[in-house]
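*Asks:* prediction below, plus the sequence it came from.
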Amino acid sequence: MATKIRKEQTSIMQALYPVGKVYVSITSTNPATLFGFGTWEAFGAGRVMVCLNSGDTDFDTLGETGGEKTHVLTESEITAHSHKVNPPQTTSSGQSATHTHTYYTKSGTGNTASNNVPNWKGTTTINMGNASAGHTHTFDIAEFNSGNVGSGTAHNNMQPSIAVYLFKRTA
């Protein structure tokens, strides 16, 4: 009688787990050992399952894989943005007695504000000698770009997940 019940249970289990069926477990025991039938292989290691979608070329074929665990963004994947440094448009400075003026110029020479920014390549110093006391200087400071930001390293692209054992019946 026990043999007959065992055969019926095996027949039911084989119907529940036909070839191609995936078995999920939190133990590493192969289902062939548990159920006493079939050939089973580990399935989907390190991957998350996604349902077939015939209308989406990323998911329209059974067994198709895709995605990345980590990803380095390309410039086209970064949201359009800028890093503007916007100093005050005009600033004044008062000086008295003997002093010098040093400013950065576009060409490395010259003494006019029109030679300033955006490509600072040198300095020019003007000695004012015995300039009159109590005068002011007004400078126009153009807005400029702060340059590159970020490290360019890959970011984690993984969705929240839980690791389990998956076995697929192959025979």
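*Replies:* Yep, it's here.

*Asks:* ok, and the closest non-adjacent residue to Thr65?
*Replies:* Distances taken as Cβ to Cβ, 6 or more residues apart in numbering place Arg47 nearest to Thr65, at 6.6 Å, with adjacent residues excluded. Backbone N, C-alpha and C define where each C-beta goes, glycine included.

*Asks:* run through the residues that contact Val24.
*Replies:* Counting by Cβ atoms under 8 Å, 6 or more residues apart in numbering, Val24 touches 164-166.

*Asks:* one more: Ser28?
*Replies:* Per Cβ under 8 Å, 6+ apart, neighbours of Ser28: Tyr165.

*Asks:* just to revisit the earlier point, do you know the pLDDT at the residue nearest to Thr65?
*Replies:* As predicted, Arg47 sits at a pLDDT of 90.

*Asks:* again, but for Val164
*Replies:* Per the predicted model, pLDDT is 90 at Val164.

*Asks:* repeat for Glu75
*Replies:* pLDDT, Glu75: 83.

*Asks:* dihedrals phi and psi, it?
*Replies:* Glu75 adopts backbone torsions of phi -60, psi -40, taken as degrees, to the nearest 10.

*Asks:* what's the answer for Trp40, then?
*Replies:* Residue torsions, per degrees, to the nearest 10, at Trp40 are phi -130, psi 140.

*Asks:* sweet, I'm off.
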